[in-house]
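Engineer: Structural data only, the sequence is not supplied:
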């Protein structure tokens with residue numbers, strides 16, 4: 001009996017890893033199947049998320065950011081002089097032998113030229129590009145304010161249509177129950193139920209279908225308009241919030257009113273301020289002021305370009321000694 005017990009234990013220990021591997025494989029297959037058939041959880045898109053996505057993916061805001069970096073780089077580059085010019089040439093080389101030491105006028109010349117700006121042209125150019133960079137910032141502020149208003153109105157239309165569909169569902173359920181109740185009373189001859197009551201309920205259900213079509217059309221239009229600001233269509237799992245949070249209510253009120261001041265306090269500020277002083281802080285008014293500053297710098301640059309422009313030159317001419325061994329001096333030239 002002992003001769004057969006040892007091989008049996010060896011076979012059981014050898015088969016144990018195979019059973020464990022098969023068990024893990026079965027668990028992996030079941031988990032994959034459950035994950036694949038897992039229901040998609042609907043996600044709500046709040047107003048704050050909609051505004052963040054619209055600002056994040058807006059191409060004009062991205063373009064303004066790149067243009068601002070460009071103008072800042074131009075402003076920094078405008079503070080420097082023009083790049084110096086370096087030249088190298090072989091002069092007065094004889095054509096009968098092309099020997100460098102044949103004629104005394106033959107020389108190898110290296111020159112350097114530095115051109116100076118006209119007056120304060122660089123200073124005004126630097127100021128101009130700095131103002132243009134500020135213009136991009138103001139344009140971005142105006143674009144963000146416009147985006148917040150448009151996205152908020154579109155989001156409200158989407159939420160309104162979604163909640164209207166929910167109310168229509170409740171109304172349809174009540175009318176269906178009323179129709180069943182009225183039809184039952186009419187068929188049994190109970191009470192004063194008449195055929196006219198059934199027709200009225202059916203007409204109400206037919207008019208409800210028209211309201212459904214209108215509500216779904218409004219919802220799809222608002223959803224498509226909202227997708228325009230994100231650069232891609234909204235996922236089907238994204239839905240409008242069915243209940244309005246306090247944060248969304250405050251956000252909507254702040255954006256639509258565009259001020260934290262009450263009407264009385266706003267009128268007080270207007271009465272105590274100079275005429276049009278408040279409008280000067282509007283982005284559109286600030287853009288007009290910035291454009292005036294840019295044109296003023298262009299006038300200053302044009303005025304500076306009428307002034308004389310200076311340049312410094314220096315060159316060194318190397319001459320090889322003569323064929324008979326006579327020494328030849330090199331040349332140095334300076335010019336303004």
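Structural biologist: Looks like it came in fine. The structure presented is a predicted model; accordingly, all values stated were derived computationally and were not measured.

Engineer: so what's residue 117 closest to, chain neighbours aside?
Structural biologist: Among residues not flanking residue 117 along the chain, residue 81 sits closest, at 6.5 Å (CB to CB, 6 or more residues apart in numbering). Where you see a C-beta, it was placed from the backbone N, CA and C, and this is true even at glycine.

Engineer: three-state assignment of the one you found?
Structural biologist: Three-state assignment for residue 81 (DSSP: H, G, I helix; E, B strand; the rest coil): coil.

Engineer: separation between it and residue 130?
Structural biologist: Distance from residue 81 to residue 130, counting by CB to CB, to the nearest Å: 19 Å.

Engineer: Looking at the two, which one has more neighbours?
Structural biologist: The neighbour count for residue 81 versus residue 130, taken as other CB atoms under 10 Å, is higher for residue 130 (18 against 10).

Engineer: what about that one, which helix or strand?
Structural biologist: Using DSSP states H and E, residue 130 sits within helix 121-188.

Engineer: mean confidence score for that helix?
Structural biologist: Helix 121-188 carries an average pLDDT of 89.

Engineer: quick one: buried residues of the very next helix or strand once past it?
Structural biologist: Per DSSP H and E, the first helix or strand lying C-terminal to helix 121-188 is helix 195-228. Neighbour-count burial for helix 195-228 flags 197, 198, 201, 215, 218, 219, 222, 223, 225, 226 (criterion: 16 or more other CB atoms under 10 Å).

Engineer: Which of those residues sits closest to residue 209?
Structural biologist: Nearest to residue 209 among those: residue 215, at 10.7 Å, using CB to CB.

Engineer: can I get the buried residues of helix 195-228 in a markdown table with pLDDT and distance to residue 166?
Structural biologist: Listed next are the buried residues of helix 195-228 as a markdown table, based on pLDDT from 0 to 100; distance: CB to CB, whole Å:
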| residue | pLDDT | distance to residue 166 |
| --- | --- | --- |
| 197 | 74 | 27 |
| 198 | 75 | 27 |
| 201 | 80 | 21 |
| 215 | 90 | 10 |
| 218 | 90 | 14 |
| 219 | 89 | 11 |
| 222 | 88 | 15 |
| 223 | 88 | 16 |
| 225 | 86 | 21 |
| 226 | 86 | 18 |
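
Engineer: Pipe those into JSON lines and attach distance to residue 115 per row.
Structural biologist: Output for the buried residues of helix 195-228, formatted as JSON lines (distance: CB to CB, whole Å):
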{"residue": "197", "distance to residue 115": "98"}
{"residue": "198", "distance to residue 115": "97"}
{"residue": "201", "distance to residue 115": "92"}
{"residue": "215", "distance to residue 115": "71"}
{"residue": "218", "distance to residue 115": "66"}
{"residue": "219", "distance to residue 115": "66"}
{"residue": "222", "distance to residue 115": "61"}
{"residue": "223", "distance to residue 115": "61"}
{"residue": "225", "distance to residue 115": "56"}
{"residue": "226", "distance to residue 115": "56"}
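
Engineer: dump the residue contacts of residue 162.
Structural biologist: Residues near residue 162 by CB atoms under 8 Å, 6 or more residues apart in numbering: 219, 239, 240, 242.

Engineer: Repeat that for residue 74.
Structural biologist: For residue 74, the contacting residues are 129, 132, by CB under 8 Å, 6+ apart.

Engineer: For the one helix or strand it maps to, which residues meet the burial criterion?
Structural biologist: Counting by DSSP H and E, the element that carries residue 74 is helix 59-78. Neighbour-count burial for helix 59-78, with 16+ other CB under 10 Å as criterion, is recorded at 61, 64, 67, 68, 71, 74, 75, 78.

Engineer: now swap in stretch 118-138 and tell me
Structural biologist: Those would be 118-119, 121-136, 138, for stretch 118-138 by 16+ other CB under 10 Å.
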